[in-house]
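> Build me a model from this:
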Amino acid sequence: MALIRAHYFRAMPCSGAGNPPIEKDDRFLEASIAQVDAERSACAAEIQQLRRARANWIDPRIAERVDELDAALSRLRRRLQHNRSWPLRFERQMRTQGWGTPPPPYLLAQLGASA
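Numbers count the residues shown, from 1 in each chain. Okay, the predicted model is just below:
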């Protein structure tokens with residue numbers, strides 16, 4: 001298998017970095033959400049622990065990291081929601097415009113498997 005180069009957005013590796021660009025399912029997105037959420041929780045817990053200990057100085061990079069992880073988590077959740085809500089969007093496009101953008105084949109396969 002050929003090595004797939006990682007891709008980055010705002011200096012952070014994108015979800016799916018190292019995976020083939022055509023998704024087979026949403027498991028890698030769900031795994032990325034879990035990983036980012038765990039890291040965010042750890043950073044937030046560290047800040048809370050320092051506050052409880054009444055630390056004289058809390059590194060602002062920790063709070064910045066929490067903000068970055070919040071943004072990444074929001075993007076990942078939006079992407080997953082976008083993938084899961086495509087049947088309603090497609091139906092609305094067909095009803096209002098008479099045409100719609102078909103979803104990727106792996107999402108069609110998911111719908112067929114769940115129906």
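> Identify the residue nearest the geometric centre of this protein.
L76 (1.7 Å; C-alpha atoms, centre = their mean).
> can I assume it is in contact with F28?
No. With contact defined as C-beta atoms under 8 Å, L76 does not count as touching F28 (10.2 Å). For every residue, glycine as well, the C-beta is placed using N, CA and C.
> before we move on, back to that, can you give me the distance of the residue nearest to the centre of the chain to R52?
30 Å (C-beta to C-beta, to the nearest Å).
> thinking again about what came up before, in terms of helices and strands, where is the residue nearest to the centre of the chain?
With elements taken from DSSP states H and E, the one containing L76 is helix 60-84.
> same for that helix, what does it pack against?
In terms of contacts (3 or more C-beta pairs under 8 Å, 6 or more residues apart in numbering; DSSP states H and E), helix 60-84 is packed against helix 27-52.
> Mind doing that once more with 10 Å?
Helix 60-84 is packed against strand 12-13, helix 27-52, helix 105-114, with contacts defined by 3 or more C-beta pairs under 10 Å, 6 or more residues apart in numbering; DSSP states H and E.
> From the chain's centroid, how far away is that helix?
Here helix 60-84 is found 7 Å from its chain centre; the criterion is C-alpha atoms, centre = their mean, to the nearest Å.
> Let me know the angle separating whatever helix or strand comes next after that helix from helix 60-84.
Towards the C-terminus, the helix or strand next in line after helix 60-84, according to DSSP H and E, is helix 86-97. For the pair helix 86-97 and helix 60-84, the angle between their directions (axes from the mean of the first three to the mean of the last three C-alpha atoms, to 10 degrees) equals 60 degrees.
> What's the mean pLDDT across helix 86-97?
Averaged over helix 86-97, pLDDT sits at 87.
> Show me what counts as buried in it.
Neighbour-count burial for helix 86-97, counted by 16 or more other C-beta atoms under 10 Å, picks out W86.
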